[in-house]
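K.L.:
Sequence unavailable; structure follows:
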């Protein structure tokens, strides 16, 4: 989901600032305000991309290995089968778990997975390229990998459509209070008067202002769908520049605080980096319009959940929806479960029956570039965290 080529900085720990030409979710936004340090980092990435010793299919061992409690995050057979069909001479290994990974790493050229610890990296003496099956790469941003010459890529763009549709569903649910309707249904109660009598009342999306914090590939797909509801869409990028064809305007992240009081819905879709912790905190929530609604589909660390709960309890926010939380799985004793007017989905916004088809198509495309010597795309800069 997140492109490389942009360094994220937060004035006073909060506001975004332009360092290179990509927005908060990695979409190109021009080169205004590029700093020398950012140019140097970009040059180093290009140099690494160009100097990386490529292998041929016949001399390549590609190892796929992910284990996750949620079974669908584990690569499906289509990935290994497709690669073997395309390059029958390649040694493609698909491991169901990490049990024998240490013995397979020493001669692995390309690793496809969610994580690779520093002690495992030490064993991967031939590793040239690591492809993450997850868009977030915080688990890979450790010094040994960051300082190596190993190329790192991720599947940004693969999750944009399902996440945009999921987020649109959350916005509709918040406006029409589907959550309470289901609760009344479970109790066999006709809750018409009760639903209308709630302080937030039932409302429309038509004509409301939606602020997308992190207007990248996910944000653009969301904006495309929001326009069908006649929602006024504002995007937030570091520079305030970007593709404005789907939005009313693009706000520079340094003016995020000024935009918040005017918006009815705020969606967080920015990347997770050390600098974006509590991007939306108590100060930002206080600046939001009373009765506004907040959605987080980025990462749990981007939102101050304690401040969110307080704003829901005192009625400053009429509702919120979370697909991500700071701790996952969310413990049963978490106060989020009991927060009023909060709709929670268990990190399923990116889940789709087409996910592994898209993941496979992207990886095959990257492998084509790798073997043909072309410039690699979806490259991650671990120094920046995306």
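P.N.:
Received, thanks. Since this is a predicted model, take the numbers as computed values, not measurements.
K.L.:
Pretty sure residue 115 sits against residue 140.
P.N.:
Yes - contact criterion C-beta atoms under 8 Å: residue 115 and residue 140 qualify, at 6.6 Å. C-beta: built from backbone N, CA, C; applies to glycine.
K.L.:
and those two? which has more neighbours close in?
P.N.:
Higher neighbour count among residue 115 and residue 140: residue 140, with 23 against 18, using other C-beta atoms under 10 Å.
K.L.:
where does this structure have its least confident helix or strand?
P.N.:
Across the helices and strands of the chain, mean confidence by mean pLDDT, DSSP states H and E is lowest for helix 36-51: a mean of 46.
K.L.:
After that one, which helix or strand is next?
P.N.:
Downstream of helix 36-51, the first helix or strand assigned by DSSP states H and E is strand 61-65.
K.L.:
Give me the contacts around that following strand.
P.N.:
Strand 61-65 has contacts (C-beta atoms under 8 Å, 6 or more residues apart in numbering) with 75, 79-80, 83, 90-95, 97-98, 101, 104-105, 107-113, 126.
K.L.:
average model confidence for that strand?
P.N.:
Strand 61-65 shows an average pLDDT of 98 in the prediction.
K.L.:
re earlier: now, of the contacts of strand 61-65, which are buried?
P.N.:
The neighbour count (16 or more other C-beta atoms under 10 Å) marks 75, 79-80, 83, 90-92, 94-95, 101, 104-105, 108-113 as buried among the contacts of strand 61-65.
K.L.:
Buried residues, stretch 223-241. List them.
P.N.:
223, 225-226, 229, 231-241.
K.L.:
now swap in stretch 276-289 and tell me
P.N.:
For stretch 276-289, by 16+ other C-beta under 10 Å, it's 276-281, 284-285, 287-289.
K.L.:
Any chance of those residues in CSV with secondary structure and distance to residue 171 as columns?
P.N.:
Listed next are the buried residues of stretch 276-289 as CSV, based on DSSP: H, G, I helix; E, B strand; the rest coil; distance: C-beta to C-beta, whole Å:
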residue, secondary structure, distance to residue 171
276, helix, 22
277, coil, 25
278, coil, 23
279, coil, 19
280, strand, 16
281, coil, 22
284, helix, 19
285, helix, 18
287, helix, 20
288, coil, 15
289, coil, 15
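K.L.:
and the residues you listed, which two are the farthest apart?
P.N.:
Greatest spacing in the buried residues of stretch 276-289, by C-beta to C-beta: 277 and 289 (24.3 Å).
K.L.:
contacting residues for residue 297?
P.N.:
By C-beta under 8 Å, 6+ apart, the residues touching residue 297 are 163, 166-167, 170, 218, 267-269, 323-324, 349.
K.L.:
low-confidence ranges in the chain?
P.N.:
1-52 (pLDDT under 70).
K.L.:
picking up where we left off before, which ones among the contacts of strand 61-65 lie within strands?
P.N.:
Counting by DSSP state E, those place 91-95, 110-113 in strands.
K.L.:
Would you format the residues you listed as JSON lines with distance to residue 305 included?
P.N.:
Formatted as JSON lines, the ones in strands among the contacts of strand 61-65 follow (distance: C-beta to C-beta, whole Å):
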{"residue": "91", "distance to residue 305": "45"}
{"residue": "92", "distance to residue 305": "42"}
{"residue": "93", "distance to residue 305": "40"}
{"residue": "94", "distance to residue 305": "37"}
{"residue": "95", "distance to residue 305": "35"}
{"residue": "110", "distance to residue 305": "38"}
{"residue": "111", "distance to residue 305": "34"}
{"residue": "112", "distance to residue 305": "33"}
{"residue": "113", "distance to residue 305": "29"}
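K.L.:
Just name the closest of those to residue 148, please.
P.N.:
Nearest to residue 148 out of the ones in strands among the contacts of strand 61-65 is residue 111 (C-beta to C-beta; 12.4 Å).
K.L.:
The closest one reaches residue 133, doesn't it?
P.N.:
No - between residue 111 and residue 133 there is no contact under C-beta under 8 Å: 10.6 Å.
K.L.:
now the helices for the stretch 251-386 of the chain?
P.N.:
Using DSSP state H, counting those that start in this stretch, the helices of the stretch 251-386 of the chain run over 256-259, 282-287, 305-313, 355-372.
K.L.:
elements contacting the second one?
P.N.:
By that I understand helix 282-287. Under the contact criterion of 3 or more C-beta pairs under 8 Å, 6 or more residues apart in numbering; DSSP states H and E, helix 282-287 touches helix 256-259, helix 305-313.
K.L.:
what about these, which gets the closest to residue 248?
P.N.:
Closest among the helices and strands packed on helix 282-287, using C-beta to C-beta: helix 256-259, at 11.4 Å.
K.L.:
how about the closest one: buried residues?
P.N.:
Of the residues in helix 256-259, 256, 259 count as buried by neighbour count, 16+ other C-beta under 10 Å.
K.L.:
go on, stretch 360-378?
P.N.:
For stretch 360-378, the neighbour count (16+ other C-beta under 10 Å) marks 360, 362-364, 366-367, 369-370, 376, 378 as buried.
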